[in-house]
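In: 3D model of this:
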Amino acid sequence: MASRIFHRLRHALTGESEQEGLPYCGSEVEEFPESSELEDDTEGLSTRLSGTLSFTSNYEDEEAEEGAAPGGTSQDLGEALGPELLGVAPENGEHGPPVAERQGSNMLTRQLQELWRKSRGSLVPQRLLFEVTSTNVVNERSSKYVLYTIYLIRGGQFDKAPATIARRYSDFERLNRHLRRRFGSDMAGVTFPRKRLRRNFAAETIAKRSRAFEQFLSHLHSVPEIRRSAEFLEFFYLDDLRVAQRSTCTGTYCEALAAWTNAHQLQDKLGACRSRHFLLTLAGLAVCHQELGQLAEANAHSEQALRLLEAQDSHPLLAPFLQAHVYLAWMLGKDKRQAEARLQGLQEAGLAGPQPPTLKELLIKQPLP
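Out: Below you'll find the predicted structure:
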C-alpha cells in the first residue's frame, strides 16, 4: 500500500512536467519519434512537437533524484493522496475508516509530506532551449549562404541574458562530422538534414532547416558525453573568443567586451565554467572593463577567477589574476593583503617570477584553435 501511495504522490508532484511533455532525461538519451515534417531534406528527424524543443539535463552528472520536483503545494499533495489518507471526513457524511487506521494513515502522510519538503530543496535539473530566431541570406563575392541566428535560453525561469550564436549550414555539418567520428554509437540515432542540390534558399527549405537545427542541437545536448565534449562546446563559443581576442589586441575594447560577454553567457548556460576557456574569458572581461574604467566590474571578474583557482598554485593565469586583483583592490580602496600574501608565496616558491605577465599580455599570446 505504501508503495502505491508513494507512486501516486510522485506522479502528483511531477505531473506538471509530464503535461508539458518535458520528461526527466537523467543520464539516458531521449527517444525521438520519427516525423515526416521535414520530408526528404531531413528524413527521420525526431519530433512530434511544434515550437522550440527542450530537454531536461543536469550539469552535475545527473545526480538529481528521480522523485525531486520543483513545484507542488500541500493542496496538490492532499489531492494526490485523497481525503482518507489525510484523515478528512468524506463530504457525503459517510463514516471514515477506524481511528487506528486513520492514525496510521496520518503518520504515513506526515512522512510523505516530509519527503516532499526535502525534495523541494534537491538539485533541480536545468533545461536549455535552442531557438532559431532569424535567418539571413548572405551574398559574398564567391559564395552565397544562409546564416542562422540561434538563441540559447535557460528554461523554467525568466532568462535575463540569453546568449546568441550565428552559424551557417557548413558549421553544423562540420560539427556533425566531428561528433560522428568520435561518438559513433551515441550519434547513431541523430539525424542531420542533408544538403540539397536545389532550392537551398527557398523560404520553405530555410524554415525546415531552422526547425531541424533546433532539434539537432537539442538531441546532442540530451547526451551527457556529447554535451561535455570540446567539439560540442567550442561550436558555440570559440568564434566569440577569437573575435574578442582579436579586438582586445587591437584596442577596440567595446567590441571586445561584447564578444567576451557573449562567450561568458554561452559557457555559463552550457555548464563549461571549469575549462581553461572560461578562465581566459574572465581575464578578457577583467582587462576590457579595466581599460574602459569600469574597475568594480573588472575586480568582480578577477575575484571569480581567483575562487576558481583557489587550489591551483601552478596555473599560468593565477599570478596575473593576483597582480590584477591587488591593483584593482587598491584603486577601489578594498583589502588587498590576502592577494598580496598569496602572490608573494608563489614568488618565493618559484611558481611566479618577480614580474609576472599581465592579463592583457597573456590574452594576446594565448593561442586559440
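In: just for the stretch 101-250 of the chain, where's the confidence low?
Out: 101-126, 156-157 (pLDDT under 70).
In: For Ile206, give me its contacts.
Out: For Ile206, the contacting residues are 135, 137, 146, by CB atoms under 8 Å, 6 or more residues apart in numbering. C-beta coordinates here come from the backbone N, C-alpha and C atoms, glycine included.
In: A strand includes the first one, no?
Out: So the one you mean is Thr135. Yes: Thr135 forms part of a strand when assessed by DSSP: H, G, I helix; E, B strand; the rest coil.
In: And it, how far from Phe192?
Out: 18 Å (CB to CB, to the nearest Å).
In: More neighbours: these two, which one.
Out: Phe192 (21 against 16; other CB atoms under 10 Å).
In: about what we covered before: just put the contacts of Ile206 in TSV and tack on distance to Ala349.
Out: Shown next, in TSV, are the contacts of Ile206 (distance: CB to CB, whole Å):
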residue	distance to Ala349
Thr135	55
Val137	58
Val146	55
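In: Show me where the stretch 251-369 of the chain has its helices.
Out: Using DSSP state H, counting those that start in this stretch, the helices found in the stretch 251-369 of the chain span residues 253-270, 276-291, 295-308, 318-332, 337-348, 359-365.
In: For the last one, name the packing helices and strands.
Out: Applying 3 or more CB pairs under 8 Å, 6 or more residues apart in numbering; DSSP states H and E, we find helix 359-365 packed against helix 230-250, helix 276-291, helix 318-332.
In: Try it again at 10 Å.
Out: helix 230-250, helix 276-291, helix 295-308, helix 318-332 (3 or more CB pairs under 10 Å, 6 or more residues apart in numbering; DSSP states H and E).
In: so how many other residues sit close to the nearest residue in space to Pro320 that is not next to it in sequence?
Out: Nearest residue to Pro320 in three dimensions, chain neighbours excluded: Leu359, at 4.7 Å (CB to CB, 6 or more residues apart in numbering). Leu359: 26 surrounding residues under other CB under 10 Å.
In: so Leu359 sits right up against Ala305, yeah?
Out: Yes: with contact defined as CB atoms under 10 Å, Leu359 counts as touching Ala305 (9.2 Å).
In: shared neighbours of the two, anything?
Out: Counting by CB atoms under 10 Å, 6 or more residues apart in numbering, the shared contacts of Leu359 and Ala305 are 280, 282-283, 285-286, 317, 320-321, 324.
In: By neighbour count, which of these wins?
Out: Ala286 (30 neighbours).
In: if I pick it, what's in contact with it?
Out: Applying CB under 10 Å, 6+ apart, the residues contacting Ala286 are 260, 294-295, 297-305, 320-321, 324-325, 328, 359-360, 363.
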